[in-house]
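In: I need the structure of the sequence given here:
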Amino acid sequence: MKKKIIFKYLSIFLITLLLPALIHSIGKKTSFYNQAYQNLTGTKAQIVVDLKNPELIDEFSWNNLAQGGEEISGMLDPVKGELKNLKPKYIRIDHVFDFYKTVKKDALGSFFYDWTKLDKEISIILETGAKPFISLSYMPDALSKGNEVDEPVSWNEWKELIRKTVEHISGRGGLKISDVYYEVWNEPDLFGGFKPGGTKDYLALYQYAAIGANEAKDTLPFKFGGPATTSLYKNWFDSLIKFVNSNNLPLDFFSWHRYSKYLEDYEKDYYDLKSWILAHPKYSGIELVISEFGHNSDADILYDKNFSAIHTLAVYSTLFPKIQKIFLFEIKDGPGGEKYWGRWGILTHEKLGTPEKKPRYKAIEFLNKMNGSWYPVYGQGSWVKAIATTDRKVVRLLVVNYDPFEKHHENVPVSFLNLFHKEFTFRRLEFLGAVAEYEVKVGGDSWTTSQMMAPNSAVILEITPKEN
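Out: Below is the predicted model:
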């Protein structure tokens with residue numbers, strides 16, 4: 001009997017010890033195992049904000065939005081007012097060659113360019129206050145060996161297309177737009193089955209595009225990069241970095257997509273990249289860009305629900321200020337049989353009436369309250385993430401409690417250090433909810449409060465000093 005008891009407890013100990021490794025080795029998160037792992041190892045938050053030295057920041061990651069190819073052209077025009085309200089800095093569009101028919105071939109086989117449709121889309125982007133982030137995709141009929149995700153018949157023709165595109169958008173003789181981002185292709189591992197060095201070689205696609213961009217004349221400054229893969233892959237990173245280095249090609253930013261419910265996937269991407277870059281010190285300052293993200297790469301009814309809004313708030317909080325460009329996908333639903341049908345958009349399509357703002361749209365509005373200088377936040381946990389900023393003497397702390405299983409409650413201690421004022425108004429603004437406030441008077445230069453957070457909830461805590 002004694003041996004059985006010892007064996008029982010030894011088995012429990014080994015299972016507990018090996019569970020994280022087992023989950024990691026599977027490489028695939030089932031709801032049961034992921035929840036078990038998080039419940040065993042998750043850390044509760046003890047938020048500390050030191051108000052001594054605010055830091056300036058050039059841009060906020062949530063000011064970047066992406067639109068997919070739901071329709072041939074004119075997607076953004078019906079919602080440009082709603083877009084402008086979100087104060088975007090960059091708007092990403094793809095399908096610029098196949099949807100907008102920018103290059104064509106005449107009866108004699110000569111190429112000619114028609115920028116009319118693309119210019120209309122870019123003008124709408126500019127009207128919102130944003131600049132274009134151009135995904136150089138997909139292959140136009142006039143150049144392709146086959147369809148829109150095939151290689152060009154001639155690599156020189158592909159090079160020339162990119163040169164003309166950059167000169168038209170960034171050139172002083174064209175649209176004269178500075179600081180445009182050009183990204184080579186969209187999800188090349190999926191759309192076209194490209195591989196770095198494979199039979200369909202992404203490196204060739206990138207090389208000729210980069211040469212074309214370099215040959216563009218009389219342009220304003222712009223950024224050039226890629227590869228915008230469906231996820232982050234080390235072989236893609238290593239291959240591209242080595243290739244551009246050995247061929248003296250530009251790579252101003254490295255981009256990828258991330259679709260996951262789990263915050264640890266986003267964190268892992270960042271820390272993996274930082275470790276990979278160590279082997280390439282020349283690229284230590286390369287800009288990192290997530291050019292699409294969401295909780296699911298497939299259409300999902302949760303995109304119409306509050307879940308996706310809290311997920312959005314949590315992702316931006318998790319990666320702030322590590323990555324400055326994170327593009328929410330996408331701006332507007334495609335046309336469907338119902339107004340709400342699980343598409344990725346933060347706005348519904350106008351086909352069934354005036355476009356409506358989904359919860360994720362309101363999440364970006366909520367984040368826009370956080371503009372200003374920022375403070376480091378210490379003591380974030382597995383579920384609770386936070387961002388702290390200050391603007392015009394008002395301190396704001398965004399606190400998000402996100403659980404993909406929608407079960408975790410947490411009472412979060414929050415401490416503010418080095419307060420400048422001993423009397424202030426404290427406000428709690430709940431996302432899509434109530435506002436509560438009360439007056440506070442402290443004896444020292446610090447103050448601690450406890451904030452109860454329901455599963456998948458978010459609040460902004462404000463400290464507004466009382467002027468004497």
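In: and D300, how far is that from L397?
Out: As judged by CB to CB, to the nearest Å, D300 and L397 stand 30 Å apart. For the C-beta atoms, the positions are set from N, CA and C on the backbone; glycine is no exception.
In: And these two? Which one has more around it.
Out: Legend: neighbour count by other CB atoms under 10 Å for D300 and L397, higher for L397 (22 against 18).
In: which ones are touching the spatially closest residue to D58 that is not a sequence neighbour?
Out: With CB to CB, 6 or more residues apart in numbering as the criterion, D58 has its nearest non-adjacent residue at 7.3 Å, and that residue is Q324. Contacts for Q324 were tallied using CB atoms under 8 Å, 6 or more residues apart in numbering; they are 57-61, 287.
In: Check what pLDDT Q324 gets.
Out: Q324 is assigned a pLDDT of 92 by the prediction.
In: Kindly provide the distance from it to E59.
Out: 5 Å.
In: Over to Y266?
Out: As judged by CB to CB, Y266 and E59 stand 18 Å apart.
In: of those two, who's got more company?
Out: Between Y266 and E59, counted using other CB under 10 Å, Y266 has the larger neighbour count: 21 against 13.
In: check contacts around that one.
Out: 258, 260, 290, 293, 315, 318-319.
In: and the end-to-end length of stretch 287-305?
Out: 32 Å (CA to CA, to the nearest Å).
In: Secondary structure element holding R163?
Out: For R163, the host element (DSSP states H and E) is helix 155-170.
In: Please state the offset of that helix from the chain centre?
Out: Centroid separation for helix 155-170 versus its chain: 27 Å, with CA atoms, centre = their mean, to the nearest Å.
In: who does it touch, helix- and strand-wise?
Out: strand 111-113, strand 131-136, strand 180-184, helix 202-215 (3 or more CB pairs under 8 Å, 6 or more residues apart in numbering; DSSP states H and E).
In: switch to 6 Å and redo it
Out: Using 3 or more CB pairs under 6 Å, 6 or more residues apart in numbering; DSSP states H and E, the elements in contact with helix 155-170 are helix 202-215.
In: pLDDT (mean, whole number) over the helix it packs on?
Out: In this model, helix 202-215 has a mean pLDDT of 99.
In: same thing with stretch 72-83?
Out: Per-residue scores along stretch 72-83 average to 94.
In: need the helices for the stretch 1-150 of the chain, in chain order.
Out: Taking DSSP state H, counting those that start in this stretch, the helices of the stretch 1-150 of the chain run over residues 2-26, 31-41, 80-85, 116-127.
In: Revised request: answer the last question for the stretch 251-400 of the chain.
Out: Using DSSP H, counting those that start in this stretch, helices in the stretch 251-400 of the chain cover 263-277, 306-319, 359-367.
In: Any buried residues in the longest one, and which?
Out: When neighbours are counted by 16 or more other CB atoms under 10 Å, the buried residues of helix 263-277 are found to be 263, 265-266, 269-270, 273, 276-277.
In: and that helix with helix 306-319, angle?
Out: Interaxial angle of helix 263-277 relative to helix 306-319 (axes from the mean of the first three to the mean of the last three CA atoms, to 10 degrees): 30 degrees.
In: What residues does A434 make contact with?
Out: Contacts of A434 were listed using CB atoms under 6 Å, 6 or more residues apart in numbering, and none were found.
In: how much space is there between the residue nearest the centre of the chain and G294?
Out: Of all residues in the chain, the one closest to the mean position by CA atoms, centre = their mean is I326, 2.5 Å from it. Applying CB to CB, the value for I326 to G294 is 11 Å.
In: Next, the contact list for the closest residue in space to R360 that isn't next to it in sequence, please.
Out: With sequence-adjacent residues excluded and distances taken as CB to CB, 6+ apart, R360 is closest to I346, at 4.4 Å. Shown in contact with I346 (CB under 6 Å, 6+ apart): 358, 360-361.
In: ok so, going back, if we take the contacts of Q324, which one ends up nearest to E330?
Out: S61 (16.4 Å; CB to CB).
In: Count the residues that sit near the closest one.
Out: Neighbour count of S61, defined by other CB under 10 Å: 24.
In: Confirm for me that it is in contact with I326.
Out: Yes: contact criterion CB atoms under 6 Å: S61 and I326 qualify, at 4.3 Å.
In: Find residues that contact each of the two.
Out: Both S61 and I326 lack any common contact, where contact means CB under 6 Å, 6+ apart.
In: circling back: any of the contacts of Y266 buried? List them.
Out: Neighbour counting over those (16+ other CB under 10 Å) leaves 258, 260, 290, 293, 315, 318-319 as the buried ones.
In: Can you lay out those residues as CSV showing pLDDT and distance to K176?
Out: Below are these laid out as CSV (pLDDT from 0 to 100; distance: CB to CB, whole Å):
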residue, pLDDT, distance to K176
R258, 99, 34
S260, 99, 39
I290, 99, 28
F293, 99, 31
V315, 99, 34
T318, 99, 37
L319, 99, 33
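In: and which of those is nearest to S73?
Out: So of the buried ones among the contacts of Y266, ranked by how close each gets to S73 (CB to CB), first place is F293, at 24.6 Å.
In: Now do the contacts for the closest one.
Out: F293 touches R258, counting by CB under 6 Å, 6+ apart.
In: circling back to that earlier point, out of the buried ones among the contacts of Y266, which is nearest to T102?
Out: I290 (26.4 Å).
In: if I look at the closest residue to the closest one other than its chain neighbours, how far off is S308?
Out: Distances taken as CB to CB, 6+ apart put I326 closest to I290, at 4.5 Å, once the chain neighbours are dropped. Between I326 and S308 the computed distance is 15 Å (CB to CB).
In: No more questions from me, cheers.
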